[in-house]
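Chemist: Kindly return the folded structure for what I paste below:
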Amino acid sequence: MSILEEGRDVPLGRYTVVRRSLPNKTRRTVGAWCFLDHFGPEDVTGKPGMRVPPHPHIGLQTVSWLLSGEVRHRDSLGSDQVIYPGQLNIMTSGRGISHSENSPTSKPPLLHGLQLWVALPSIARDIDPAFQHLPDLPEISDKSARIVVAVGALEGVASPAVVHSELLGADITLDGTVELAVRADFEHAVVVTEGVARVDGDEIGPGSLLYLDPGRDRLRVEGPARLFLLGGVPFEEELVMWWNFVARSHEEIVAAREDWMARPKGDGTDRFGVVPGGEEPLPAPPLPTTRLLPRPRYRRS
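Modeler: As a prediction, the model looks like this:
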């Protein structure tokens, strides 16, 4: 089975609009991947570019992938890292972290990339927060394709990114056709960032997500195109997702929101800490008037 789902436009901060393709109407997760935003390509000449002030996370990992431009990551651990195309930033929130993402003042004219989240399994969702920057990632190249393995492993090549469930994330640039050996116990999804691709006979262009169910041990991908391939063992744990939090219950979301809105003290005792730089933190929106409930991984027809 394959399902093509259109993304939707969502404002991110004051200056950026993204195309959100996960979660969508039919599917909440692909493996432990639970969120995917595609931003750009946008000409940011004379514009602020990305401006996302300090905000909190729990229960997830953020995975930042750039195709063009530069973004500066700062977090409450003291990390201060500009990411460039082909590099990976992966931040583990665990029980709580805060961070900001901004285009540097001196920046290239084009901004284009992906922001993804991974839901942490119960065994890891309350671990200490962490940040990992990987400037060099393993590649697979032949005459038809260049593949950068950002997360997990593909065709015997493994990324050094630290994750807490069995996952795949790979950037694929195609001039022709490639057949990839993949894990049959994984479900997969494809997001095209440039051009139009065919994946096992299904055509997909930018702005959509193509879901591919488990049971396939090979994928045939045709270009010319550039795409990001996601994969993972189906994530069976129930999730409650609200704002920037991934939790298991309404009460956990309420507690995280209260901790964030209490405002960081800066004395090392608060849950989310302080992001250096003096930016005003982003306030949490009001909670809905109804109780937040777990949602199924996918909508049954």
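
Chemist: Quick one: low-confidence residue ranges for the stretch 151-300 of the chain.
Modeler: Residue ranges of the stretch 151-300 of the chain with pLDDT under 70: 264-269, 300.

Chemist: Okay, strands next: where are they in it?
Modeler: Remark: strands assigned in the stretch 151-300 of the chain by DSSP state E, counting those that start in this stretch are 157-158, 167-174, 177-181, 187-195, 197-199, 202-204, 208-212, 218-222, 225-232, 240-242, 245-247.

Chemist: which residues touch Val82?
Modeler: Shown in contact with Val82 (Cβ atoms under 8 Å, 6 or more residues apart in numbering): 70-73, 104. The way it works is simple: take the backbone N, C-alpha and C, and place the C-beta from them, glycine included.

Chemist: how about it, secondary structure?
Modeler: Following DSSP: H, G, I helix; E, B strand; the rest coil, we place Val82 in the strand state.

Chemist: what do you get for Phe39?
Modeler: Assignment for Phe39 (three-state DSSP): strand.

Chemist: For it, which residues are in contact?
Modeler: With contacts defined as Cβ under 8 Å, 6+ apart, the neighbours of Phe39 are 12, 16-19, 50, 111-115.

Chemist: One more: Leu227?
Modeler: Contact analysis of Leu227 by Cβ under 8 Å, 6+ apart lists 171-172, 174, 190-193, 197, 199, 204, 221.

Chemist: give me that answer again for 10 Å
Modeler: When contacts are counted by Cβ atoms under 10 Å, 6 or more residues apart in numbering, Leu227 touches 170-174, 190-197, 199, 204-206, 210, 221.

Chemist: Now restrict those residues to buried residues only.
Modeler: Buried by 16 or more other Cβ atoms under 10 Å: 170-174, 190-194, 197, 199, 204, 206, 210, 221, out of the contacts of Leu227.

Chemist: mind listing what the most centrally placed residue in the chain touches?
Modeler: The chain has Leu116 as the residue nearest its centroid, 0.4 Å off, counting by Cα atoms, centre = their mean. Neighbouring residues of Leu116 by Cβ under 10 Å, 6+ apart: 22, 33-38, 60-65, 90, 150-151, 169, 191, 228, 230.

Chemist: Just to be sure, it is in a strand?
Modeler: Yes: membership of Leu116 in a strand is supported by three-state DSSP.

Chemist: Roughly how far does it sit from Gly78?
Modeler: Distance from Leu116 to Gly78, counting by Cβ to Cβ, to the nearest Å: 24 Å.

Chemist: can you check Gly156 too?
Modeler: Note on Gly156: its distance to Gly78, by Cβ to Cβ, is 36 Å.

Chemist: Also Leu114?
Modeler: 25 Å.

Chemist: What of Ile123?
Modeler: 26 Å.

Chemist: same thing with Pro286?
Modeler: 31 Å.

Chemist: Neighbour count for these two, which is higher?
Modeler: Neighbour comparison, Pro286 and Gly78: the larger count goes to Gly78, with 11 against 7 (by other Cβ atoms under 10 Å).

Chemist: does that one count as helix, strand or coil?
Modeler: Per three-state DSSP, Gly78 ends up coil.

Chemist: All good on my end, thank you.
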